[in-house]
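Engineer: predicted coordinates and the sequence they were generated for:
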Amino acid sequence: MTATHNAAVENPGVVTNILVVGIGGQGIMTAADVLSQAALALGYDVKKTEVAGMAQRGGVVTSHVRFGQKVFSPAIIPGDADMMIAFEPAEALRWHSHLKPGAVVMVNDYPLKPPVVSIGLYDYPEAPLLQLAQSAVELHHFNAGEAAIELGDRRLVNSIMLGAIADHLPFPPDILEQALLNRFQRKGEALTELNRQAFMLGRRAFNQTTVQ
């Protein structure tokens, strides 16, 4: 991908911090990789870190993505995240202490309980989105899982969520879309087109999300 301009030079000293959280198998790491590639294409310095707890078995997964003219650490400190893309509502609530006041939070509101809840080690929080709405954030939520099913593949949730957050990023949505499509081009035109549709569905869904 070739950048048409160096966005990092246009915004010196500004670092954007994005949390991507959810449950293993939902595509959290893929979404974080696409965000990172889009930022790299625009000349940003990018740092990314991931924590996967039994990701292949449905454990919780978290990725920190930071980009700017110069980024020294991959970890987002509590209270410093500008945005959060949450693939699961309880995980959104669990990480809310990392958010800045006014942070944009985009949540797939379909609950998916991790094994630690299913086996009784932890309780699933009551009304996690309601609790999150009571904090000082800009909360958007919609059922991305249902939207993925409409397109015929549950695995499209990550592309849908990227589309939903695209208009809040400090660069044009088409940069993120191209980074997403680049990831799938080697797998054929059909899969690439399906992910393009998922991305656009996410952008449309953002305009219909519940805001609290």
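Structural biologist: Perfect, I can see it now.

Engineer: what average pLDDT does the lengthiest helix in the chain get?
Structural biologist: Counting residues, the longest helix in the chain under DSSP state H turns out to be helix 189-206. The pLDDT scores in helix 189-206 average 92.

Engineer: helix or strand for H141, which one?
Structural biologist: H141 is located in strand 138-142, with elements delineated by DSSP states H and E.

Engineer: and that strand, what's buried?
Structural biologist: L139, H140, H141, F142 (16 or more other Cβ atoms under 10 Å). For every residue, glycine as well, the C-beta is placed using N, CA and C.

Engineer: and for the residue nearest the centre of the chain, nearest residue in space, chain neighbours not counted?
Structural biologist: Central residue of the chain (Cα atoms, centre = their mean): I85, 3.3 Å from the mean position. In space, and not counting its chain neighbours, I85 is closest to V20: 4.8 Å by Cβ to Cβ, 6 or more residues apart in numbering.

Engineer: can you state the direction angle for the strand holding H141 and helix 189-206?
Structural biologist: For strand 138-142 against helix 189-206, the angle by axes from the mean of the first three to the mean of the last three Cα atoms, to 10 degrees is 130 degrees.

Engineer: next up, the contacts around the residue in the chain sticking out farthest from the centre.
Structural biologist: Residue farthest from the centre of the chain, counting by Cα atoms, centre = their mean, is G120 at 27.9 Å. Contact analysis of G120 by Cβ atoms under 8 Å, 6 or more residues apart in numbering lists nothing.
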